[in-house]
Every structure is written in structure tokens, then in C-alpha cells.
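Asker: 3D model of this:
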Amino acid sequence: MKMHITWMTQLSKHRLFIVTAIVSTVFALVSSRIASGATVPVDLMITNGLVVTMDAGMSVVEGGSIAVYKGEIVEVGPSAAMKDRYVAARTIDAAGKLVMPGLVNSHTHAAMTLFRGLADDLPLDTWLTKHIWPAEAKFITPASVRIGANLALAEMIRSGTTTFSDMYFYADELAQAAKTAGVRGVVGEAVLDFPTPDSKSPQESFVIIEKLAAKWRNDPLITIAVAPHAPYTCSPETLKSAKKLADTLGLPITIHVSETRKEVTDITAKYGVPPFEHLDRLGFFGGTVIVAHAVYPTPNEIRLMADKKVGVAHNPQSNMKLASGVAPVPEMLRAGITVGLGTDGAASNNNLSMFKEMNAAALLQKVSRLEPTAMAARETVKAATIGGARVLGLEKRIGSLEKGKRADLIIIDLNRPHLVPLYDVYSLLVYAANGADVETVIIDGRPVMENRKLLTLDEESIMREARKLALKILN
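Answerer: As a prediction, this is how the structure comes out:
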């Protein structure tokens, strides 16, 4: 098996080298034509918008344009300077609108839309063990995951999410659904020490992950991840095996850590150290490790996370609803930890809107500390875009609107009473805007929603199937 994996890895690297060489050649030709002053053909031009790039300099271009060729951003700049450089097969006039990177949901459980509102107002332990896990055991199948995934994808597209990171069962169903919808996803197959809906043991889950990694390798939209659930549901042996598999296959790894005080107390009592130190002793960190929650890291663990370059997916609404606590986001940011935002699943949120998550993230830090400057709007938007991309290990491809990155972007209609006047774009996005303001969504250069109409999903059919299944779950 190891020889087979090595051979597949070498073949994939060879193919990736060829594809990269072709793209680089095409891009060089386009760049040379720009330099020579010749008109360059592109697939898409977005013109006259207020372009919020989220690049290193946090550049904002008023009356800006974005040129896109084969899903890649060729140039971002003032429309006046770009209008004669390109001839576009398609042009979108974004006058009076805001153009920004698509939002990155760094932690969710997409198919759990099926359990939205099923068991609310309960502590996490009771919610999981008495309600969610029994419901999953009874109702989670490939078909139900597909239904729940489609419902989640429709909701995420409508509210401006272009990339999401997931942990759940029957991961291939979610990957297929995301691919069809045209949404970028880091899709994790969940691993637990007890039987799950799609495997009887961690070993079976690892076999599933190997097959998924081979099937989806080098896909432009789908990245497979190893997803051990948590230190309290996975033994040290399972966690070490999950990490070894991730390293062998070159996959990211995603896990819940330090979500509640009870978890920290239990892990400390069992292993003698708190959760992050426990994982570090197992050699769990290194590479792309996506940690969801991180509500109760100690100061020493914060330093550890920074040293090991652990990415944190902060889930403020879920943490509030389950009364888990308030993550020390400002301390983590000051330590140099990359922080993204996530919605968690719709069963514990109960929505997948990253606009609501941005709002909650900023306000929660302010009120919990009685400090209005605790979480600025600017930092919050960064967490929802380029920060989330860095957490997922995708910052070279997405998260900002820059030359050479993939064209994942959203267009927001500013001609709405609650978005007038506009003094500061970041304040507007965090404190005033909402998902319903998103007019157009483009992922990898492909429109998936335009003028609020979904282009890749049959919304009515999806909701009809979800309602039908909900009746069975309720009874």
C-alpha cells in the first residue's frame, strides 16, 4: 500500500507539474500582451465596482475592475486604466456595488442542516449524546447526507460563502454535491473511536479516506481532509494514526479542540495536561491543522499554537448558543495565530451565514470584555476571508482578490437603506450587511448565483426533499 501511495503521489506531482507549466505559459502570454499594450481576450470582466481586495495592503479600489481568464484573476485595478486592455466574453457592471473575496467558512457540518432546530437550548454534552448522535445513527445515510449537503450549499451560496471546511460522514456524497454546485470545499471524513453511520471503526474510516484522497486528488475545487472528531472521542492511538495518514497522503487535518470547560477538565484528568498539550505530546501538529473552537487554551497553549502554526476556526454563534464560552481571539491574534471564522453546523447555530458570524465575532469580544476596541471590523473581515484561507492552507489560491489567485468573489448590492451611507467598508460589512445583500457569487471564475438566482442548484427541489425527510426525523 505504501508503494502504491508513493507511486500515485509521484504521478500526481508529475501531472500537477504539467498543468502548472501550461497555466504559467498561458499566464505569461497574457502578461506579455498586457505589457505590450495589446488588447487581451478574457472570459470575464467585472467593472466599476468598489473592490475590497483583502490583499496585504488591504487595498480598496473605487471604480475598480477585475479581469478573469480561465478562472484566474489576471488583473485588479481602476476601471479607467483597464477598460482598453481587455476584450471580455462577458462583462458584469458592478456600479453601485461592492466586490470582495468570497467568504470562507472554516468549520461546519453541512449535512447537519437536517437537524436544524431539532434539539435546541441544551448543553453540548447532552445535545450530542442524547439527541444528535442517536438521530445520526438512525437517519444519516448517503441519501440523507446528499439532501442535507445540497440544502447547506444553497444557503451558503446565497449568503456569500464560496469555500467551506467540513467534518462529517459519507464525505464523498458531500464532495460530489459541492462539486456539482461549484463550491470550493475542504471535505473531512469524520473519525471516532466508536461506530459511526458509515464505518464501524477508525480503521474503516482511514480506508475510506485513502479512497477519497485518490478519487479527488488534484481536483480544482475539492480537498479531502482527515477529520478525527476530538481528543475526547479519539484515543491517542487513533489521533496518531490520523496524523500519520494525513502526513502520508499530504492532506490537511481538522479536529475540535478545547470547546468546553468539561472537555479541558476531562482531558487534563485523563492525560495530565490540557488538550493542546496532549495533542502536542502525540506529535499531532505540523502541516495544515485546522482546530475548531479553541475556547479554553491556556497562555502556554496559545504560545504552543503559535509556534506550531495551528490554524483556528472560531465559531462564536455556536459557542454562544451552547454556552461553551468565549474564545480568546484577541490574545490568539496578538500571538500570531491565524484565526478564521466558522458557522459550525446548522444544528448548533442555527444558520450558515458568515455575515452573521462576522457580526457575532466582533460583538461577542466587545461585550465579554467591556471593551469596544477588542475586535475591530477590519480584523473580523480578514478572519472571514484571507484568514480563513490561511487556516485551510489555501491562501495562495483564494482569500483575496489579487493577480494569480482564483476568481472566488461576491458582489453586494449597496443600494439598500441599511447600507447607506457608507463611511467605512469593513464596518459596513460587519455591522450592517447581511447575506441577503449578496447579489452575485462567482467561484473559480464560474457564476453560481446571479441577481439572487441560484444557477447550479434546484432550490425548490432541495427544500422539498429536506422537508420530506424532516417529517420522518420528527416522527
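Asker: Run through who's touching stretch 50-57.
Answerer: With contact meaning C-beta atoms under 8 Å, 6 or more residues apart in numbering, stretch 50-57 is reached by 59-66, 76, 94, 97-101, 381-382, 385-386, 399-402, 414, 425, 429. The C-beta positions use only the backbone N, C-alpha and C, and glycine is treated the same way.
Asker: Likewise for stretch 296-306?
Answerer: 258, 260-261, 263-264, 274-277, 280, 291, 294, 310, 312, 325, 328, 331-332, 335-337.
Asker: Please give the centre-to-centre distance between it and its chain.
Answerer: Distance of stretch 296-306 from its chain centroid, counting by C-alpha atoms, centre = their mean, to the nearest Å, is 23 Å.
Asker: Domain map for this structure?
Answerer: Listed domain ranges for the chain are 2-101+409-454, 103-391 (source: automatic domain parsing).
Asker: which of the contacts of stretch 296-306 are buried?
Answerer: By the neighbour-count criterion of 16 or more other C-beta atoms under 10 Å, the contacts of stretch 296-306 include these buried positions: 258, 260, 263-264, 274-277, 280, 291, 294, 310, 312, 325, 328, 332, 335, 337.
Asker: among those, which are in helices?
Answerer: Within these, residues falling in helices by DSSP state H are Glu263, Val264, Pro275, Phe276, Glu277, Asp280, Met332.
Asker: Give the burial count for the residue lying closest to the second one once chain neighbours are set aside, as a bare number.
Answerer: What sits nearest to Val264 in space, not counting adjacent residues and going by C-beta to C-beta, 6 or more residues apart in numbering, is Tyr296, at 4.9 Å. Tyr296 is surrounded by 23 other residues when neighbours are defined as other C-beta atoms under 10 Å.
Asker: what do you get for Leu304?
Answerer: Neighbours of Leu304 under the rule other C-beta under 10 Å: 18.
Asker: can you give me the helices for the stretch 101-250 of the chain?
Answerer: Listed in chain order, the helices found in the stretch 101-250 of the chain under DSSP state H, counting those that start in this stretch are 124-126, 133-139, 142-158, 171-181, 202-216, 236-249.
Asker: What residues of the third one count as buried?
Answerer: The one in question is helix 142-158. Applying a neighbour-count criterion of 16+ other C-beta under 10 Å, one finds 144-158 buried in helix 142-158.
Asker: again, but for the fourth one
Answerer: The neighbour-count criterion (16+ other C-beta under 10 Å) identifies Ala171, Asp172, Glu173, Leu174, Ala175, Gln176, Ala177, Ala178, Lys179, Ala181 as the buried residues of helix 171-181.
Asker: cool, and the fifth one?
Answerer: Buried positions in helix 202-216, judged by neighbour count with 16+ other C-beta under 10 Å: Pro202, Ser205, Phe206, Ile208, Ile209, Glu210, Leu212, Ala213, Trp216.
Asker: can you give me the angle it makes with helix 236-249?
Answerer: Angle between the axes of helix 202-216 and helix 236-249 is 20 degrees (criterion: axes from the mean of the first three to the mean of the last three C-alpha atoms, to 10 degrees).
Asker: And what about the residue nearest to Val264, helix, strand or coil?
Answerer: Local secondary structure at Tyr296 is given as coil here, using DSSP: H, G, I helix; E, B strand; the rest coil.
Asker: separation between it and Phe285?
Answerer: 18 Å (C-beta to C-beta, to the nearest Å).
Asker: Over to Ala181?
Answerer: Counting by C-beta to C-beta, the separation of Ala181 from Phe285 is 33 Å.
Asker: next one: Gly49
Answerer: Relative to Phe285, Gly49 is positioned 40 Å away (criterion: C-beta to C-beta).
Asker: Between the two, tell me which one has more neighbours.
Answerer: It is Gly49, of Gly49 and Phe285, that has more neighbours when counted by other C-beta under 10 Å, with 26 against 18.
Asker: and that one, what does it touch?
Answerer: When contacts are taken as C-beta under 8 Å, 6+ apart, Gly49 is in contact with Gly63, Gly64, Ser65, Ile66, Ala94, Ala95, Lys97, Leu98, Val99, Ile411.
Asker: partners of the helix or strand where it lies in the sheet?
Answerer: Here Gly49 sits within strand 40-52, counting by DSSP states H and E. Applying DSSP bridges, strand 40-52 is found paired with strand 60-69 (antiparallel), strand 86-93 (parallel), strand 97-101 (parallel).
Asker: Please identify the deepest-packed of those strands.
Answerer: Each of the strands paired with strand 40-52 was scored by mean neighbour count; the highest is strand 97-101, a mean of 25, by mean count of other C-beta atoms under 10 Å.
Asker: Assign His256 to helix, strand or coil.
Answerer: Reducing the assignment at His256 to three states with three-state DSSP gives strand.
Asker: Tell me the confidence at it?
Answerer: Confidence per residue is given as pLDDT, and for His256 that number is 98.
Asker: Bridged to it, which residues?
Answerer: Beta bridges link His256 to Ala292, judged by DSSP bridges.
Asker: Go ahead and confirm it touches Ala230.
Answerer: Yes - with contact defined as C-beta atoms under 8 Å, His256 and Ala230 form a contacting pair (4.2 Å).
Asker: Settle it for me: which of these two has more neighbours?
Answerer: Each of His256 and Ala230 has its neighbours counted (other C-beta under 10 Å); His256 has more, 24 against 18.
Asker: Next, work out how far apart that one and Ala214 are.
Answerer: The spacing between His256 and Ala214, counted by C-beta to C-beta, is 27 Å.
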